[in-house]
Structure formats: C-alpha cells, structure tokens
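[1] With the sequence up front, the predicted model follows.
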Amino acid sequence: MLVATVLLLALAGVPASTSFTTTTPTPVLTWFVDGAQGSDDSVLPHNMDGRRVQSPFRTLTRARDAVRQWHALHKHRLGSLPMPQVVVRGGVYPALSLTSADAGVRWSAWPGETPILSAGFRIPPEALSVVANPLRPAGPPVLHVNLKQFGLSVADFGVLHGESDSSITGCSETGKMDVYLDNGPLLLARYPDPFVNGTWQWMYVNGTATPPTKGTTPGSSTDFAWRGADTARISTWTTEKDPWLQGYFQFDWTDTIARIAALTTANRTVHIDPSTPTYGNGEPIRAGARWLGLNLLSELDSAGEYYIDRETGDLYLIPPSGDSKHGLPPTANLVVSVNQTVLNATDVSNLHFAGFTFMHAQGTGVVFGAGSNITLINCTVANHGTMGIAADGVGYTIESSEVRNTGCAGVNIRSGDRATLTPGRSRIVGNSIHSYGQWKRMYQPGISFDAVGDVYANNTIFQAPHSGMLGHGNDCTFEGNNFTELCTESGDAGAWYSGCSWADRGNKIINNHFERIRNYGPPIPLQGQNVNAIHFDDQMSGYLVSGNTIHDCWEGVRLGGGRRTSIVNNTFVKVNIPVAFDNRGMGWQRASCTPPSGKLFQELNRDHVDVPPYSTAYPYLQHIAEDYPCVPVYNNISSNRFCDCGTWITASALDIAAWHSVATNNANFTRC
C-alpha cells in the first residue's frame, strides 16, 4: 500500500509526505489506464471513472473520451486549472487518434513501465506451419500462415507502390503490410540477398558503366538487359505473381522502385511497368546501373525474409535464426502492420507524451498535423513502413527519444513560415535516429526539415544509406549532433545536405561530429565514391560552418558554387578532400544563376527579398543580380586544421581570389 501511495503521489505531482491513501482520488486531474486489469464500464459516480488507481480504464480511447467530457464541463475554467494527465501502465494498446478536442493533456507512462501503442496484429506462433516453398520446393522449408483466418482482408494487406522522386515526397504516404518478428523488421524476399554485414548486394544492367550527365540522352527508361551471368536466376521469375525491382538506374543518388511488367529471356530483357515511375521523366536506364529483384516468392531462401501474397493472404517467412523446421517459439512476437498510423493527432495543441513506444504502422508511425506546443520525450518510434514521425506546426519538442527501423525518413518536420520568416520554435534534441530508409533508400534522411528558427541539437544519427539531415530553412541551428556511417549506399550526397537556394540564410552548423561518412559495400558504379560530411549542393549559400570535427570521411565540406558561406575553425582528420570548392555557376550551371529568370532568381522573386522581412533580415539578397550572380563570392574558408588528409582544398589560391573569396590561416598538423 505504501509503495502504491508513493507512486500515485509522484504521478500526481504531490509530495510523498502528503497524508491520504490510494482510495482517495488524486487532487490533480489524473486518469489511469491499465490494459490488463482495467475496465471501461462505468461503475463510479459521475466524472470519477478512471480517476482511482485501483479502478483504471482498460483502453486509451476511453480515457481520452473521459478527458474530453471533463474539458467540456470545465471549458470556461481551463486556464485556471491544472493540465489533465493520463497515466498508462505497461502493455500493448491499439492505435490512437486525437483531435482539437484533446488539447491540453499530458500522457505519461507509469514509472518503470512502457506502454506500447501498436498499429499491427500479432500472429500466434502456433498458427504457423512448416511447408515447402511453392515456387522453390527444393529450397529451404518456410513457415506459412493464411492471414485471412484472423479476419484480415485484402484491404489490410496493402499494395506495393512505385517510388522514384528524389525528394522527401518520393515516399508514398500510404504503406503496405510489413512483417516484424521480436521487435525487428523482416526483409521482403529478394535477389540478391544483402551481405552478412547488412549492406545491400546488387546485380548490374548489361554494359559498361559511364559517369552520368543530366539531360535526356538516347535510351529506354523502361527496358534494360541484364548480364548473362544472372540469366539462370532471373529466368525463374517468369512464374512470379507480382515481381518488382529496385535500382539506381540513372544516378547513384536516386533509387526507383517499380513493377516488372515482363521478362524476355531470349534477349535477357526486363520490361518495367510504365505506370510505375522512373526518374526524370524519361531519363534513360544506364549501362552498369545497380538493381535487384523484389517481392519474389521464389527467392524466399534466406534468414529474415518474408513474402505476402496480397490477394490470397498467404504469408511465408524464414525467421532470422534461419531455422524454419522447428517453427517459432511460443514467446515469439510476430506482428503484421495493419493501420496506416499508430498515433494521429490533428489540429491539437499543448500535448505531451512521455515514456511510450509507438510501433507497426503501415505508413507513418506518429503524425502531428497543424499542431502547436507538442512534446514527445523519452519515447521510442520504431518499425514503421514509411516515416517515423511527421510533424507540421509550431512549438514541437522531440527529445531524448529513439527513432529506428523506418521504411523512409526518420523524422519529417515542417515548422515555421518561410514566407514571413515566422519562427517555428521547434526543438529536436538528444534523440537517437538510425536504421531508416529501409524501403525507399534515397532522400529519406534521419531528419527532414523545412523550418524557421528551429534547433536541432545533440542528436545521434547513424547507419543509413543516405543523409542524416536534409532540407531547407532560415535561422536554424544544427549543433552538437553526431553523424556516423551515413551515405553508405549513395553517390553525390552528404550526411548533412541542402541544395539550390540563395534564400536559405541565417543557418548555423556548429560543433557537430562526423565519422565514417563514405560508401560501404559494393562499389558505386555510375558516380563512384563522392560523398561528404556536409554538402552545399548547386549554389547553396549563406551558412556558418564552425567548430565541427570531421573524421574518416571521403570528403569534408563540399561548397558547390555557393555564396557568403563561412567554413571556419573546423578540424579534419583522415579526410580524402577536406574542402571541395567549385564555381559551377560560371560553367555548366550558369542557367540557374542568370538574371532575371534563372531558377535561383525565381526563388528570390517568390520570397520577395526586396521588401521586409527578407530585405531587413538579409539585405544583400536584393542586390545579387548586380553582384557577380554566378561567381561563388564572399566565402570565408579560414582557421581550419587538417591532419592525415589529402589535398586540403580543390580550388587554387588564384581561383579563390578571383572569386572574391578568402582562404587564410588554415593549418596542417602532424599529430592527429
């Protein structure tokens, strides 16, 4: 009784010395939920349901509705009353939706316990049987269950979507059913299988790879020939029901997921379904490009793979142990994703979640739409088909949380108004974000941002095929973050990346650490090893880069023709090229920076940089047309230190001076 009393008082914010027993309702506004012992039946006097620790609700929705009722009764006094809270015991709970009626509530985990919100359905391990693979009977045995016996339908199974856009929108908003075993994702059956270290393995389009150039050249965007060495394997796919593929067909920084319409074995040709996308509105598929087959029952042959027949509901899998002969242990947690989201809060303000785990959405796990002053702290967001968290609004705090195992981006935040430079006041701090981009590989970063006045600090972002942070913003601070093992599968990318803007100003990248930013696994065939710790692409301008440590990376900072960027007081250790500095606006990208209609000038006109707020915040923007528009002017690359690096900068001293930029007091030191 004493322990329960202390816990209850702590949850209620009352000193433990206060004298009353657990049979007395707490003096603050607290509702309790216990999925194992609670009840949603009304048995207490009006407005007392769920308010006693011994008589909690069973479901989150019942607690939500009780708080709504309380809000309605006290709507004229809400400003003078404490914030209501819902305290939830450990256990698994279904998905939760909140609206504006649910504003001003604190949702907290019971101390020492973790409530799990799941958008999935658990398959009883005993329901699976050992069978031969229907399309590969001589291969290893697999486990099988028909999902329709549990009331799941074709609508629940979802469909595969074609993906290709090289932006955050390249990931479909709606996902497909995926499979998770013991809190980790299984991999959709494919060929070739990943290497033992987890990096993806590929086949290659027939022919010799050559460096790509932008602009349409002769060639097909839907048909390509495979290499003769792969014929024996690919020819077996003609019996597949719904074969797909994934590849880097034009550039090593954009991947395409598309359906295979047909296979012609006579001339070794793959025909891509034209209704699924390819990059660049007709860019040709290039010789030597990487690709693999997806959604192939005949290739279900390796540990940790699965296949779903999305018409019949038949699920086949091989557990991560590789042992299908003995089935799954009775404690195995086999879950298929069903709902599109697990927490959906639209038009909600003043909301707080602490200590929860959100799992198993087909789409984005946690969605905050048009919200304000919302906090997510000490939470885990894992195992989702598209993104982990999508937040749109102002005043968000995502802190001390983990985001992992997402099909697309980890966190996607839109905060503030860039047209008016109104700050979003959001803080993404102290989080661990990793193992994202497991479905759509490129342009799905750990954190995607479109923001004004936000802070992104002390996050650890690691182990992903593309960028750690990517987006556009004004007056944002990126400080104290740790970026490790990123851009492992991409060409022409950065762990921190932004590109093609003169209007993004007032941003700072300071005191971050970058480690092992380079390609791992098979060689990048079209563009080769060329990834950076920090990448300012296509004349991106105006950043302060200071106090960062860049260690064991292919390139340090790439300044791709931009203006007014300061790269100062950084340390580079074991970096092939610490600073790559070019003048692309004076050459192949001149059209973008030529007034009055170049792409970069269109952006300045859109933002009305000649009138406030832009004219007062960044007065120099309105004069670029008369100030060497295509020359990378006014950059400062100074007081940096290098150890065990290659040539420290790619531009010559004469070129830097001719570009009205400076590079001074940069020093090489011998003891790293």
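    It's in.
[2] Make sure F483 is actually in contact with F462.
    Yes. The pair F483 and F462 passes the contact test of Cβ atoms under 8 Å, sitting 7.3 Å apart. In this view, the C-beta of every residue, glycine as well, is placed from N, C-alpha and C.
[3] the more surrounded of these two?
    Between F483 and F462, counting by other Cβ atoms under 10 Å, F483 is the more crowded of the two (29 against 18).
[4] Pull the contacting residues for the more buried one.
    Residues in contact with F483 (Cβ atoms under 8 Å, 6 or more residues apart in numbering) are I461, F462, G468, M469, A495, W496, N512, H513, F514, E515, I517, A533.
[5] what's the helix or strand for the first one?
    Under the criterion DSSP states H and E, the helix or strand holding I461 is strand 460-462.
[6] For N412, grab phi and psi.
    Here is the backbone geometry of N412 (degrees, to the nearest 10): phi -120, psi 110.
[7] who are the neighbours in contact with P525?
    Y204, A209, D252, G288, A289, R290.
[8] Let me know the distance separating the last one from R233.
    In this structure, R290 lies at 16 Å from R233, with Cβ to Cβ, to the nearest Å as the measure.
[9] now do the third one
    With distances taken as Cβ to Cβ, D252 is found 24 Å from R233.
[10] Mind checking which of those two has more residues around it?
    More crowded of D252 and R233, by other Cβ under 10 Å: D252, with 26 against 16.
[11] where does the more buried one land in three-state SS?
    coil (DSSP: H, G, I helix; E, B strand; the rest coil).
[12] Can you verify my assumption that it contacts H466?
    No. Using Cβ under 8 Å, D252 is not in contact with H466; the gap is 10.7 Å.
[13] Give me the common contacts of those two.
    Shared contacts of D252 and H466 (Cβ under 8 Å, 6+ apart): S490.
[14] buried sites along the helix or strand harbouring Q602?
    Using DSSP H and E, Q602 falls within helix 599-606. Using 16 or more other Cβ atoms under 10 Å as the test for burial, helix 599-606 gives K599, L600, F601, E603, L604.
[15] Give the helix, strand or coil label for the residue minimising distance to the centre of the chain.
    Centroid-nearest residue in the chain, with Cα atoms, centre = their mean: A409, separated by 1.4 Å. Using three-state DSSP, the secondary structure recorded for A409 is coil.
[16] gap between it and S167?
    According to Cβ to Cβ, A409 and S167 sit 11 Å apart.
[17] same deal with P211?
    23 Å.
[18] sorry, back to before: could you point out which of the contacts of F483 is nearest to V394?
    Nearest to V394 among these: M469, at 19.7 Å, using Cβ to Cβ.
[19] For N431, see how far away the closest one is.
    Distance, M469 to N431, by Cβ to Cβ: 12 Å.
[20] and if you look at N519?
    Taken as Cβ to Cβ, the span from N519 to N431 is 25 Å.
[21] next one: Q362
    Per Cβ to Cβ, Q362 is found 23 Å from N431.
[22] any idea which helix or strand comes after the helix or strand of the chain with the lowest mean pLDDT?
    Least confident helix or strand, the chain: helix 2-12 with a mean of 36, by mean pLDDT, DSSP states H and E. Toward the C-terminal end, the helix or strand that comes next after helix 2-12 (DSSP H and E) is strand 30-33.
[23] Just the C-alpha atoms of that following strand, please, in CSV.
    Extracted C-alpha coordinates of strand 30-33, given in CSV (Å, rounded to 0.1, in the frame of the first residue of the first chain):
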residue,chain,number,x,y,z
THR,A,30,-5.3,12.2,-13.3
TRP,A,31,-6.9,9.3,-15.2
PHE,A,32,-5.4,5.8,-15.2
VAL,A,33,-5.3,3.2,-17.8
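[24] helices or strands up against it?
    helix 60-73, strand 85-88 (3 or more Cβ pairs under 8 Å, 6 or more residues apart in numbering; DSSP states H and E).
[25] let's see it at 10 Å
    Contact here means 3 or more Cβ pairs under 10 Å, 6 or more residues apart in numbering; DSSP states H and E; on that basis strand 30-33 packs against helix 2-12, helix 60-73, strand 85-88, strand 105-109.
[26] neighbours around A625, how many?
    For A625, using other Cβ under 10 Å, the count is 14.
[27] quick one: secondary structure of it?
    Secondary structure, three-state DSSP: A625 is helix.
[28] same check, this time on T236
    Three-state call for T236 (three-state DSSP): helix.
[29] Give the full set of residues in contact with it.
    L135, R136, Y191, L263, T265, L296, S298, E299 (Cβ atoms under 10 Å, 6 or more residues apart in numbering).
[30] would R404 count as being in a helix?
    No. Under three-state DSSP, R404 sits outside any helix and is assigned strand.
[31] residues bridging contact with A409 and S167, i.e. touching both?
    Both A409 and S167 are in contact with Y443, Q444, S448, L470, where contact means Cβ under 10 Å, 6+ apart.
[32] Most neighbours out of those residues, which is it?
    Q444 (30 neighbours).
[33] What's the separation between it and T460?
    In terms of Cβ to Cβ, Q444 sits 18 Å off from T460.
[34] same question, V631
    According to Cβ to Cβ, V631 and T460 sit 38 Å apart.
[35] re earlier: for the residue nearest to the centre of the chain, give me its contacts.
    Counting by Cβ under 10 Å, 6+ apart, A409 makes contact with 168, 170-171, 364, 386-390, 403, 433, 436-437, 440, 443-448, 464, 466-467, 470.
[36] list the buried ones in the strand or helix carrying A261?
    In this assignment (DSSP H and E), A261 forms part of strand 256-264. By 16+ other Cβ under 10 Å, the buried positions in strand 256-264 come out as T256, I257, A258, R259, I260, L263.
[37] following that strand, which helix or strand shows up next?
    Next helix or strand after strand 256-264 toward the C-terminus (DSSP H and E): strand 269-272.
[38] who's in contact with that following strand?
    By Cβ under 10 Å, 6+ apart, strand 269-272 touches 162, 205-206, 220-226, 234, 237, 243-245, 247, 249, 256, 258-264, 278, 285, 291, 293.
[39] That strand pairs with which strands, parallel or anti?
    Strands that pair with strand 269-272, judged by DSSP bridges, come out as strand 223-225 (antiparallel), strand 256-264 (antiparallel).
[40] what's the next secondary structure element after that strand?
    Using DSSP H and E, the next helix or strand after strand 269-272 towards the C-terminus is strand 290-294.
[41] In that following strand, which residues are buried?
    Buried residues in strand 290-294, counted by 16+ other Cβ under 10 Å: R290, W291, L292, G293, L294.
[42] What strands flank that strand, and is each parallel or antiparallel?
    strand 190-191 (antiparallel), strand 203-204 (antiparallel), strand 244-248 (antiparallel).
[43] how about L621, phi and psi?
    Phi and psi for L621, reported as degrees, to the nearest 10, are phi -60, psi -40.
[44] OK, contacts around it?
    Each residue near L621 by Cβ under 10 Å, 6+ apart is listed here: 502-503, 505, 541-542, 563-564, 603-604, 607, 609-610, 614-615.
[45] Who wins on neighbours among these?
    R563 (28 neighbours).
[46] Give the buried residues for the host helix or strand of T375.
    Element membership of T375, judged by DSSP H and E, is strand 366-377. Buried residues in strand 366-377, counted by 16+ other Cβ under 10 Å: V366, V367, F368, G371, S372, N373, I374, T375, L376, I377.
[47] Return the list of strands paired to that strand, each annotated with direction.
    strand 343-346 (parallel), strand 349-354 (parallel), strand 389-399 (parallel).
[48] which stretch among these comes nearest P274?
    Proximity to P274 (Cβ to Cβ) singles out strand 389-399 among these, at 30.2 Å.
[49] can you pull the contacts of D301?
    N133, R136, G139, P140, V142, A189, Y191, D193, I318.
[50] Quick one: buried ones out of those residues?
    Here, 16+ other Cβ under 10 Å leaves N133, R136, P140, V142, A189, Y191, D193, I318 buried among the contacts of D301.
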